[in-house]
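Chemist: Structure, please.
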Amino acid sequence: MDTPSQKKSPLPSEDDVARYLRNHPGFFLANEDLLADLKLSHQTGKAVSLLERQVEVLRERNMDMRNRLSNLLDNAQRNEQIFELSKALILSLLEAKRPEELSNTLCRGLVNDFEAVDYACLILFADPSKLGSSQLRIESIEHAQKNIGGLLRSRKAVCGVLRPEELRFLFGKHAEHIGSAALIPIKAGALDGVIAVASKNPEHFRSSMGTLFLDYIGEVVNRCLPKLMRSHLS
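Modeler: Modelled structure (predicted):
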């Protein structure tokens, strides 16, 4: 009859073995003869040595890291390009002498220089009769609230696929050609309004995309437009 001291210790579990090897990464350096005996299954079904599998795993990780680095570099290059384009547009806006010149420069620059931007407009919300003969697009706040009130509620930039009535208000006859759009609310002194840009590509302006550069441009319009409006009305 076996006594308790004579009973064999239970075999270690897989978790125990994994924990031991993780805590002793040099184990196989001292037991290299075991490497030749270990076999791992391959995706093709044939057995490969542990060393071969390690090399394969490292190669896969290396490719993954290369892809991630390539994506980071691509994003950095795109951001640098957008920064340079935004800077050039902002400098042009600062040189505008009249409100309509600022609006035309803004819309032309967004469409001509920024990738996949097919339409752009600046809309101010006010009583058209109080702004003289300005060539700016002026809409009453009531009309704006009726058509795009949901977009204006958050006072933050909105990107994505807009409803047909929202697109018609913002882009008129071009609405049916638009796949996605971005809306940047502005508050130029006492004037509220929006900068709206659109793309024929439904995937270009996504709800998850950042609006940092568009927000910067909106801030410049907020600073420049009131001064130009005062000069226009004086």
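
Chemist: for the nearest residue to residue 119 once chain neighbours are set aside, helix, strand, or coil?
Modeler: Excluding the flanking residues, the one nearest residue 119 by C-beta to C-beta, 6 or more residues apart in numbering is residue 198, at 4.3 Å. The way it works is simple: take the backbone N, C-alpha and C, and place the C-beta from them, glycine included. Each residue gets one of three states, and residue 198 gets strand by DSSP: H, G, I helix; E, B strand; the rest coil.

Chemist: Residue 198 bridge partners, please.
Modeler: Using DSSP bridges, the beta-bridge partners of residue 198 come out as residue 119, residue 181.

Chemist: Count the neighbours of it for me.
Modeler: Using other C-beta atoms under 10 Å, the number of residues around residue 198 comes to 28.

Chemist: what does residue 183 give?
Modeler: Residue 183 has 24 neighbouring residues, counting by other C-beta under 10 Å.

Chemist: same thing with residue 79?
Modeler: 13.

Chemist: if I look at it, how far off is residue 97?
Modeler: Between residue 79 and residue 97 the distance is 31 Å, computed by C-beta to C-beta, to the nearest Å.

Chemist: ok, now residue 147?
Modeler: With C-beta to C-beta as the criterion, residue 147 and residue 97 are 31 Å apart.

Chemist: ditto for residue 224
Modeler: In terms of C-beta to C-beta, residue 224 sits 11 Å off from residue 97.

Chemist: again with residue 56
Modeler: Taking C-beta to C-beta, one finds residue 56 at 66 Å from residue 97.

Chemist: Check which helix or strand residue 226 maps to.
Modeler: Element membership for residue 226, per DSSP states H and E: helix 212-233.

Chemist: List the buried residues in that helix.
Modeler: Buried residues in helix 212-233, defined by neighbour count with 16 or more other C-beta atoms under 10 Å: 213-214, 217-218, 220-222, 224-226, 228-229, 232.

Chemist: So the residue nearest the centre of the chain, which state does it fall into?
Modeler: Nearest residue to the geometric centre of the chain (C-alpha atoms, centre = their mean): residue 209, 2.6 Å. At residue 209 the chain is in coil, as set by three-state DSSP.

Chemist: residues touching it, list them.
Modeler: 159, 182 (C-beta atoms under 8 Å, 6 or more residues apart in numbering).

Chemist: Relative to residue 67, how far out is it?
Modeler: As for residue 209, its distance to residue 67 is 21 Å (criterion: C-beta to C-beta).

Chemist: Quickly list the domain ranges of the protein.
Modeler: Listed by automatic domain parsing, the domain ranges of the chain are 14-95, 99-233.

Chemist: ok now the shortest one, how far from the chain's centre?
Modeler: It refers to domain 14-95. 25 Å (C-alpha atoms, centre = their mean, to the nearest Å).

Chemist: end to end, how far does that domain reach?
Modeler: End-to-end span of domain 14-95 (C-alpha to C-alpha, to the nearest Å): 72 Å.

Chemist: For it, give the mean pLDDT please.
Modeler: Averaged over domain 14-95, pLDDT sits at 78.
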